[in-house]
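Asker: I need the structure of the sequence given here:
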Amino acid sequence: MISSANKLLFALGLLLFAPALPLGQAQSPAASSPNEKRVALVIGNDAYRHAPRLRNAVNDANDLGVTLRELGFDSEVVLNTDQRGMEAAFDRFIARLSPGCVAFFHYSGHGLQVDQENFLIPTDYRITDEASVRYDAYSASKLHDRVAASGVALNVIVLDACRNNGFRTARSAGAGLAAMNAARGSFIAFSTAPGQIASDNPRGGNGLFTSFLLEALKVPGLKLDDVFNRVREQVYLASDQKQLAWTSSSVIGDFRFNRTGKHRDLVFEPDPGARPAPPLVEKGRQTLTQTPRTDEGPGSDRYLKLSARANIVYDGLQKLRQEQAQIGASLRGDMAGAAERMKSYMDQADSALGDGNSAGAERSMDSAEREVEKLEKFLGM
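Answerer: Next up is the predicted model:
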């Protein structure tokens, strides 16, 4: 049924951004010390000189800094910083990291995507063209790569930077932020889905996303995924289903912000000598979508054919990710974004068909087909 396809599409879509680890390798645990070093950098920018001022970014940073210190993080809070100050803060953050530690970065403020790359905006920034974004703002991918290269056991990056802003004058600048691939041992969280806008929560003392994050971090024993799953659900409900927090993870093992006495932080590394792991998906269900019923009205036949193409693309991307993992590479950001949009448009088409909205389904399939064609060209199909 269409509804079954909808659920499977979402579930298997998450695998597209799952750990970039070779299949056929099991994982063996390497437990870290309960007193494992935890390092955090929190930046809050709201007093922008050339863009609308934000209400809660500084509040977010101050409150999160206090909470992280209570959870054992050596936490630095940087407020309303310009380009030079932001660069210096990142350099200090990297210098404090060491192999095996836990790194946590949180940013509240304006953000911008250009050509599927995300940039964090300092308070003195004035956009003139695309080049100014690349040279005068700070690349989130650059930070992610610098932290990953330091050898940390866990790299958590949280971007509450999807607020609507006055910087979108560059031709390639898009709304919200773009999807990012998480390197091994990394967890990237966004306050809303790729390309969407997050609420600054004008009636509250914190941004909508960070307000629920502050609560979830304090719950004893919650695992990393559970913290952000809880935040996602609460934000979605509080926003009347308009804001859906998003994550990309390649973390294997358990990490708890608020440990109890019986909990230890575990980070799993691949064991080359271990027996092959079981398949990620049951045999016979390794598809991105399922066959819709033939009696579900106009559009079902096209949906079926497009689903078959999407499944082939999905398989091709999975094989590519496995090959790239062998050399420590990851899927190109623009192609990861195209894959996510393909999944989203197919999801929308599925839902529209289920509601009998054939016109809406056709529009969604038109958009999905453009992404499928782009990915087919990328994969040489």
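Asker: what's the next secondary structure element after the lowest-mean-pLDDT helix or strand in the chain?
Answerer: Here the helix or strand of the chain ranked lowest by mean pLDDT, DSSP states H and E is strand 27-31, holding a mean of 31. Read in the C-terminal direction, the helix or strand following strand 27-31 is strand 38-44, with elements assigned using DSSP states H and E.
Asker: pairing partners for that following strand, with directions?
Answerer: Neighbouring strands of strand 38-44 in its sheet, by DSSP bridges, are strand 74-79 (parallel), strand 102-108 (parallel).
Asker: point out the other helices and strands that the helix or strand following it packs with.
Answerer: Beyond strand 38-44 on the C-terminal side, the first helix or strand identified by DSSP H and E is helix 57-70. Counting contacts by 3 or more C-beta pairs under 8 Å, 6 or more residues apart in numbering; DSSP states H and E, helix 57-70 packs against strand 38-44, strand 74-79, strand 102-108, helix 208-217. All C-beta atoms are positioned from the backbone trio N, CA, C, and that covers glycine.
Asker: quick one: the strands in the stretch 101-250 of the chain?
Answerer: 102-108, 111-114, 117-120, 138-139, 154-160, 173-174, 186-190, 246-249 (DSSP state E, counting those that start in this stretch).
Asker: nearest to Glu87, out of those strands?
Answerer: strand 138-139 (7.0 Å; C-beta to C-beta).
Asker: about what we covered before: adding distance to Tyr314, mean pLDDT and mean neighbour count, write the strands paired with strand 38-44 out as JSON lines.
Answerer: Shown next, in JSON lines, are the strands paired with strand 38-44 (distance: least, C-beta to C-beta, whole Å; pLDDT from 0 to 100; neighbours: other C-beta atoms under 10 Å):
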{"stretch": "strand 74-79", "distance to Tyr314": "40", "mean pLDDT": "97", "mean neighbour count": "18"}
{"stretch": "strand 102-108", "distance to Tyr314": "31", "mean pLDDT": "96", "mean neighbour count": "26"}
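Asker: redo the ones you listed as TSV? Include distance to Gly316.
Answerer: Converted to TSV, the strands paired with strand 38-44 look like this (distance: least, C-beta to C-beta, whole Å):
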stretch	distance to Gly316
strand 74-79	42
strand 102-108	33
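Asker: go through those strands and name the closest to Gln322.
Answerer: The closest of the strands paired with strand 38-44 to Gln322 is strand 102-108. By C-beta to C-beta, the value is 26.4 Å.
Asker: that closest one versus strand 186-190: what angle between them?
Answerer: 20 degrees (axes from the mean of the first three to the mean of the last three C-alpha atoms, to 10 degrees).
Asker: save the strands of the stretch 101-250 of the chain as JSON lines, and put in distance to Leu217 too.
Answerer: Formatted as JSON lines, the strands of the stretch 101-250 of the chain follow (distance: least, C-beta to C-beta, whole Å):
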{"stretch": "strand 102-108", "distance to Leu217": "10"}
{"stretch": "strand 111-114", "distance to Leu217": "22"}
{"stretch": "strand 117-120", "distance to Leu217": "21"}
{"stretch": "strand 138-139", "distance to Leu217": "25"}
{"stretch": "strand 154-160", "distance to Leu217": "10"}
{"stretch": "strand 173-174", "distance to Leu217": "30"}
{"stretch": "strand 186-190", "distance to Leu217": "12"}
{"stretch": "strand 246-249", "distance to Leu217": "15"}
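Asker: mean pLDDT lowest where, among those strands?
Answerer: Within those, confidence is poorest for strand 173-174, with a mean of 42 (mean pLDDT).
Asker: list the contacts of Asp63.
Answerer: 205-206, 210, 214 (C-beta atoms under 8 Å, 6 or more residues apart in numbering).
Asker: show me which of those is closest to Pro122.
Answerer: Thr210 (19.5 Å).
Asker: now for the closest residue to Asn155 other than its chain neighbours, how many residues are close by?
Answerer: Of all residues not flanking Asn155 in the chain, Ser186 sits nearest, at 4.2 Å (C-beta to C-beta, 6 or more residues apart in numbering). Close neighbours of Ser186, defined as other C-beta atoms under 10 Å, add up to 25.
Asker: could you check stretch 150-162 and say which residues are buried?
Answerer: 150, 152-162 (16 or more other C-beta atoms under 10 Å).
Asker: redo those as TSV? Include distance to Ala339.
Answerer: Converted to TSV, the buried residues of stretch 150-162 look like this (distance: C-beta to C-beta, whole Å):
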residue	distance to Ala339
Ser150	28
Val152	27
Ala153	28
Leu154	25
Asn155	22
Val156	23
Ile157	20
Val158	23
Leu159	20
Asp160	24
Ala161	22
Cys162	20
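Asker: and Ala361, what is it in contact with?
Answerer: Here Ala361 is in contact with 299, 303, 349, 352-353 (C-beta under 8 Å, 6+ apart).
Asker: state the distance from it to Asp301.
Answerer: 11 Å (C-beta to C-beta, to the nearest Å).
Asker: how about Ile43?
Answerer: Plainly put, Ile43 is 51 Å away from Asp301 if you go by C-beta to C-beta.
Asker: so those two - more neighbours on which side?
Answerer: Ile43 (28 against 10).
Asker: what pLDDT does that one get?
Answerer: With respect to pLDDT, Ile43 has a value of 97.
Asker: repeat that for the one 4 residues further on.
Answerer: Per-residue confidence at Ala47 stands at 91 (pLDDT).
Asker: which residues touch the nearest residue to it once chain neighbours are set aside?
Answerer: The shortest distance from Ala47 to any non-neighbouring residue, by C-beta to C-beta, 6+ apart, is to Asn80 (4.5 Å). Contact partners of Asn80, counting by C-beta under 8 Å, 6+ apart, are 44-47, 58, 123.
Asker: out of the strands paired with strand 38-44, flag the one nearest Leu177.
Answerer: strand 102-108 (10.5 Å).
Asker: where do the helices sit along this structure?
Answerer: 2-15, 57-70, 83-96, 130-136, 140-149, 208-217, 224-238, 300-326, 333-354, 358-379 (DSSP state H).
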